[in-house]
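Engineer: compute the structure for the input listed below.
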Amino acid sequence: MKIRTIEEINKKIESGDATVLTAEEISHLVRDGEEPRAEDVDVVTTGTCGIMSGTAAVLHVPVADPGAFKKAKSVLLNGVPGFPGPCPNEWLGSVDMIVYGTNHSVYDETYGGGFLFKDLVSGNDVKIEVESIHGEKFESTVTMDDLGTAQMIGTRLAFKNYNSFVNPTTEAVSSIFNAIDMAGPFKGFTFSGCGELNPLQNDPSMNAICAGAKVLLNGSEGLVIGRGTRSSAEKPNMMITADMKAMDPHYLGGFKTGAGPEIFDSVAAAIPILSEDIFKETFIQNKDVKLPVTDIRGRHSVLGFTDYADAWEGSDERPVYHSDTCQNCEVCIVRERCPTGAYTDTLNTRRCFGCGMCAYSCPYGAFTMETGSVHFSVEGEPMEVPVMCRQSDIKRARELVAELTKRIVDGKFLLNNCL
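Structural biologist: Numbering: from 1, shown residues only. Below you'll find the predicted structure:
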C-alpha cells in the first residue's frame with residue numbers, strides 16, 4: 001500500500017521537514033530490536049565504494065589549432081590509450097574519445113585509467129599525444145578546465161552482491177581481485193561490497209532506484225540509465241552517468257592489482273519510502289547478506305559461503321602507521337604494494353583506501369589494522385582465513401552517504417519520479 005508519493009517527499013525536502021536515515025541506521029535499529037515505521041521515514045540513503053571495472057569516460061579534448069590535422073588515429077592521455085570517436089571532428093583540432101578506467105599506460109604498468117581520471121578531476125595537468133590518420137604527431141597539455149566534455153559512464157556499478165576469493169592451490173595466482181599475486185592454499189581472503197549499506201542490497205528489485213533516479217557518482221549528481229551489463233535478478237547492478245567536472249577526486253581513483261591497475265568509484269543513492277514493502281527491504285543486515293567464497297582461478301567455482309558480518313564487523317576503517325617501528329627498508333614492500341599510492345614516507349590517510357594490504361605485508365609491524373578473518377566450510381571442513389585485501393572502502397562509502405543525506409536535509413537534492 002502506497003504511503004506517500006515522490007511529489008510529497010520533495011515538498012518535505014524543500015521545506016526542510018523530511019526525515020532521512022541512512023541504511024546503516026535502519027539496520028542498527030532493527031538489530032537493536034526496534035521496529036521502525038515507514039510512516040516515520042521519508043528517505044533512506046545508501047552507498048558503496050569499490051573497484052568498478054565497467055567505468056569509462058567520454059571526453060572532448062583540444063589538441064592543436066583548427067585545420068592542423070584531419071582526424072585522429074590514436075591518442076594517449078598520460079600514456080593511457082583513448083579511442084577516438086565516434087565523431088571524427090574533421091579539421092577541428094580537437095578529439096572526441098572514449099577512455100576506459102581499466103586501460104593501462106603504455107609507459108608505466110602501474111598507472112591506468114583510474115589514476116588518470118583522478119588526475120583530471122583533481123585539476124592536474126594531463127599530457128596528450130595524438131597521431132593523425134596521416135601520421136602527423138601532436139602533443140599538448142590540458143586540465144579538466146580545457147575539456148569541452150567530460151562525462152563518466154559506468155556500465156555496471158554497485159552490484160547488489162559480489163563473490164569473494166581465496167586461492168585453494170599452492171601456486172600463486174595473478175588476478176584483478178587481489179592487490180598482489182594471491183598465495184595459497186587459503187593464505188588470505190579478498191572481497192568487495194559494503195553489505196547492508198549497499199544501494200541494491202536495500203532495493204534488490206530496483207523498485208525505487210530505477211532508470212531515471214538521481215544518484216551521486218563520485219560526488220557528482222548523476223542519473224541511473226538502467227540496469228548495467230551482466231545485471232541479473234540475483235545480482236543486479238546499475239548503469240550510471242554523471243558529469244566528471246562536478247566530481248570530488250576523493251571518491252574515485254586508481255587501484256593497483258596483481259593483474260594491473262583498476263579503477264574505484266563511489267555511488268550513493270536515495271530510496272524514497274513510498275510503501276511498507278520498499279521500507280521493509282531496508283531492514284537487511286550484514287549477517288543476512290551471503291558472500292560466496294570462490295576460487296580466484298575461476299569465479300564460477302563456489303567453495304563455500306560467508307557473510308558481510310563476518311567480513312566487515314569489528315574491523316578498522318583505516319590502518320595506523322607506527323613510524324618508530326618502521327625500518328626504512330631500502331625496498332619498501334608496502335610502498336610497492338599500496339594499491340592507491342597512499343604510502344610514500346608517510347601515510348596519506350585521505351588517499352588511503354583501507355584495503356589492509358600494508359598491515360598484511362609489512363614484516364616489522366609498522367602498520368596495524370584489524371581486518372579480521374572469515375569463516376566458511378569447504379566440503380564439510382571448517383576454515384578460518386584472514387582477510388588480506390578489501391577491494392571496497394566502507395569509510396568512503398559512509399562519507400558519500402553522509403554527503404547525500406546532508407544534501408537532502410538541506411533541500412539541495414530532490415528525487416526524480418522514475419516509477
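Engineer: helix or strand right after the strand ranked longest in the chain?
Structural biologist: If you go by DSSP state E, the chain has its longest strand at strand 260-272. Next helix or strand after strand 260-272 toward the C-terminus (DSSP states H and E): helix 276-281.
Engineer: got the buried residues for that next one?
Structural biologist: Within helix 276-281, the residues scored as buried using 16 or more other CB atoms under 10 Å are 278-279, 281. For glycine as for every other residue, the C-beta is placed from the backbone atoms N, C-alpha and C.
Engineer: so in that sheet, which strands flank the longest strand of the chain, and in what orientation?
Structural biologist: Strand partners for strand 260-272, identified by DSSP bridges, are recorded as strand 43-51 (antiparallel), strand 214-217 (antiparallel), strand 253-257 (antiparallel).
Engineer: buried deepest among those strands, which one?
Structural biologist: The highest mean neighbour count among these, using mean count of other CB atoms under 10 Å, belongs to strand 43-51: a mean of 28.
Engineer: report the backbone C-alpha coordinates of the longest strand of the chain in CSV.
Structural biologist: Provided in CSV are the C-alpha atoms of strand 260-272 (Å, rounded to 0.1, in the frame of the first residue of the first chain):
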residue,chain,number,x,y,z
GLY,A,260,47.5,-4.3,-13.3
PRO,A,261,45.7,-1.1,-12.3
GLU,A,262,41.9,-0.9,-11.9
ILE,A,263,39.5,1.9,-11.0
PHE,A,264,37.4,2.6,-7.9
ASP,A,265,34.2,4.7,-7.8
SER,A,266,31.8,5.7,-5.1
VAL,A,267,28.0,5.6,-5.5
ALA,A,268,25.3,6.9,-3.2
ALA,A,269,21.5,6.5,-3.8
ALA,A,270,18.4,7.7,-2.1
ILE,A,271,15.5,5.3,-1.6
PRO,A,272,12.1,7.1,-1.3
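Engineer: can you pull out the helices in the stretch 51-200 of the chain?
Structural biologist: 113-121, 199-202 (DSSP state H, counting those that start in this stretch).
Engineer: contacts for the longest one, please.
Structural biologist: So the one you mean is helix 113-121. With contacts defined as CB atoms under 8 Å, 6 or more residues apart in numbering, helix 113-121 is touched by 55, 57, 77-78, 80, 99-104, 126, 143-144, 147, 150, 152, 218, 244, 247-249, 252-255, 261-264.
Engineer: flag the shaky bits of the stretch 101-250 of the chain, pLDDT-wise.
Structural biologist: Applying pLDDT under 70 to the stretch 101-250 of the chain flags no residue at all.
Engineer: the longest helix anywhere in the chain - contacts with which helices or strands?
Structural biologist: For the chain, the helix with the greatest residue count under DSSP state H is helix 394-409. Judged by 3 or more CB pairs under 8 Å, 6 or more residues apart in numbering; DSSP states H and E, helix 394-409 is in contact with strand 20-22, helix 23-31, strand 43-51, strand 214-217, strand 260-272.
Engineer: the same query, at a cut-off of 10 Å, please.
Structural biologist: Judged by 3 or more CB pairs under 10 Å, 6 or more residues apart in numbering; DSSP states H and E, helix 394-409 is in contact with helix 6-15, strand 20-22, helix 23-31, strand 43-51, strand 214-217, strand 260-272.
Engineer: how about the residue lying farthest from the centre of the chain, nearest residue that isn't a chain neighbour?
Structural biologist: When each C-alpha in the chain is compared with the mean C-alpha position (CA atoms, centre = their mean), residue 67 comes out farthest, at 40.2 Å. Leaving aside its chain neighbours, residue 67 sits nearest to residue 91 (5.3 Å; criterion: CB to CB, 6 or more residues apart in numbering).
Engineer: okay, the strands paired with strand 260-272 in TSV with distance to residue 314 next?
Structural biologist: Below are the strands paired with strand 260-272 laid out as TSV (distance: least, CB to CB, whole Å):
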stretch	distance to residue 314
strand 43-51	20
strand 214-217	28
strand 253-257	24
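Engineer: re earlier: tell me the pLDDT at the residue farthest from the centre of the chain?
Structural biologist: The score at residue 67 is 96. That number is its pLDDT.
Engineer: residues in contact with stretch 397-404?
Structural biologist: 20, 22-25, 43-50, 158, 193-195, 197-199, 214-219, 221, 248, 250-251, 265-270, 317, 393, 413 (CB atoms under 10 Å, 6 or more residues apart in numbering).
Engineer: go with 8 Å
Structural biologist: 22-24, 45-49, 194, 197, 216, 219, 250-251, 266-270, 413.
Engineer: equivalent analysis for stretch 307-318, please.
Structural biologist: 164, 191, 193-196, 285-291, 349, 352, 354, 369-372, 374-375, 387, 394-395.
Engineer: checking residue 210 next. Helix, strand or coil?
Structural biologist: coil (DSSP: H, G, I helix; E, B strand; the rest coil).
Engineer: from residue 243, how far off is it?
Structural biologist: According to CB to CB, to the nearest Å, residue 210 stands 21 Å off from residue 243.
Engineer: returning to what we had before: any chance of the buried residues of helix 276-281 in JSON lines, plus distance to residue 135 and pLDDT?
Structural biologist: Output for the buried residues of helix 276-281, formatted as JSON lines (distance: CB to CB, whole Å; pLDDT from 0 to 100):
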{"residue": "278", "distance to residue 135": "59", "pLDDT": "96"}
{"residue": "279", "distance to residue 135": "62", "pLDDT": "97"}
{"residue": "281", "distance to residue 135": "58", "pLDDT": "96"}
